[in-house]
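Novice: Any chance you could fold what I've pasted below:
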Amino acid sequence: MSDKPSPGSQFRELMQKPGIIRTLGAHDVLTAVMIEQCGFDSVFIGGFGTSASLYGLPDLNFLGMSEMVDATRRMSHRVSIPVVADADTGHGDLHNVMRCVNEFEGAGAAGIILEDQVFPKRCGHFGGKEVIPTDEMILKFKAAVKARQDQDFIFIARTDSRETDGLDDAIDRINRYCDAGADIAFIEAPLSIEELEEICKRVEYPKFVNMLALGKTPILSSADLEEMGFKIVVAPIDSVLLTARCMREMAEVFKRDGHTKSLEEKMVGFDEVKDILGLSDYLNLKESLK
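Specialist: The predicted model follows:
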């Protein structure tokens, strides 16, 4: 049996350290590898990026649980930093939530985000969201806690009720979800700096904030968010937005010129990408075993 700490315990150790945890969303495994190589201590895999990467579809619950679990497994098996996964609504009722916890834990995730939207859910920065009753979501968190095998497996409680029922309701919900066993509090899509400050004043648990590029929430620096009182900040879709722009530019240049020579200065070198992928470790495997 390995003595290596579980992904959940690795993440809990990060939580105990001073300062804010900065993490980026990765829409595929190569992105996660590069995030780790750039020195980040954790990585986030979200439904928005995974839906775009796997199917070229928006974040409207096209992904099933098994597809998201498989994407998480591929990522967690390739990187050594903890992977936090988006588990949406838990993919069903209480028994589905319990299976969801088992599947993501078995896939190597450090923890999951569970949210209170009505199924089928949608991206938290889209309009037209609906949420389930608070008491129903409390039962989901109790079921989730009961299901986990590793007591260090992390639960991040997310509420989308800021849009549907206002900030006071969202704050009340998130405190109650954490009372029921969630470890970290996440109110999606606050609309102002004042609302971010109010969350930090009135939420009693470690706080997660989503800096979704071009979304509804003002984008602040990690230092400012830490000063407010947030413990974790994620930039969840930046890799998708930048990749999409780069791909469109490359396609337009190739269509115009018949080659991409004008973009070579923007490219990672061929030798560099081989290093990123760890090619030499595989080519030298036989020698290393002698």
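
Novice: Got the domain ranges for this protein?
Specialist: 7-237, 245-288 (automatic domain parsing).

Novice: Which parts of the stretch 101-250 of the chain are helices?
Specialist: Remark: helices assigned in the stretch 101-250 of the chain by DSSP state H, counting those that start in this stretch are 134-147, 161-165, 167-179, 193-202, 222-228, 238-257.

Novice: out of the ones you listed, which comes closest to residue 49?
Specialist: Residue 49 lies closest to helix 238-257 among the helices of the stretch 101-250 of the chain, at 4.8 Å (C-beta to C-beta). All C-beta atoms are positioned from the backbone trio N, CA, C, and that covers glycine.

Novice: got a list of contacts for the following helix or strand past the closest one?
Specialist: The helix or strand immediately downstream of helix 238-257 is helix 270-277, counting by DSSP states H and E. Residues from elsewhere that reach helix 270-277 (C-beta atoms under 8 Å, 6 or more residues apart in numbering): 30, 33, 34, 37, 268, 280.

Novice: From residue 36, how far off is the fifth one?
Specialist: Pointing back at residue 268 there. Distance, residue 268 to residue 36, by C-beta to C-beta, to the nearest Å: 16 Å.

Novice: just the last one next, same as before
Specialist: Summarising the geometry, the distance separating residue 280 from residue 36, computed by C-beta to C-beta, is 18 Å.

Novice: In terms of neighbours, single out the busier of these two.
Specialist: Under the criterion of other C-beta atoms under 10 Å, the comparison of residue 280 against residue 36 puts residue 36 first, with 18 against 10.

Novice: which stretches of the stretch 101-250 of the chain have low pLDDT?
Specialist: By pLDDT under 70, the weakly predicted segments of the stretch 101-250 of the chain are 124.

Novice: And residue 29, its phi and psi?
Specialist: Phi and psi for residue 29, reported as degrees, to the nearest 10, are phi -70, psi -40.

Novice: you'd agree it is up against residue 83?
Specialist: No. Counting by C-beta atoms under 8 Å, residue 29 sits too far from residue 83 to count as a contact (10.2 Å).

Novice: which residues do the two both contact?
Specialist: With C-beta under 8 Å, 6+ apart as the test, residue 29 and residue 83 both reach residue 75.

Novice: So if I had to pick from those two, which one is more boxed in?
Specialist: Counted by other C-beta under 10 Å, residue 29 and residue 83 do not tie: residue 83 has more neighbours, with 29 against 18.

Novice: residues contacting the more buried one?
Specialist: Contacts of residue 83 (C-beta under 8 Å, 6+ apart): 7, 32, 42, 43, 44, 45, 72, 75, 76, 108, 109, 110.

Novice: Just these: which are in helices?
Specialist: Those of the contacts of residue 83 mapping onto helices are 7, 32, 72, 75, 76, per DSSP state H.

Novice: Now render those residues as a markdown table, adding distance to residue 203.
Specialist: Below are those laid out as a markdown table (distance: C-beta to C-beta, whole Å):
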| residue | distance to residue 203 |
| --- | --- |
| 7 | 25 |
| 32 | 29 |
| 72 | 27 |
| 75 | 29 |
| 76 | 28 |
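
Novice: and which of these is nearest to residue 222?
Specialist: Nearest to residue 222 among the ones in helices among the contacts of residue 83 is residue 32, at 19.7 Å by C-beta to C-beta.

Novice: isn't the closest one right up against residue 26?
Specialist: Yes. The criterion here is C-beta under 8 Å, and residue 32 meets it with residue 26 at 3.8 Å.
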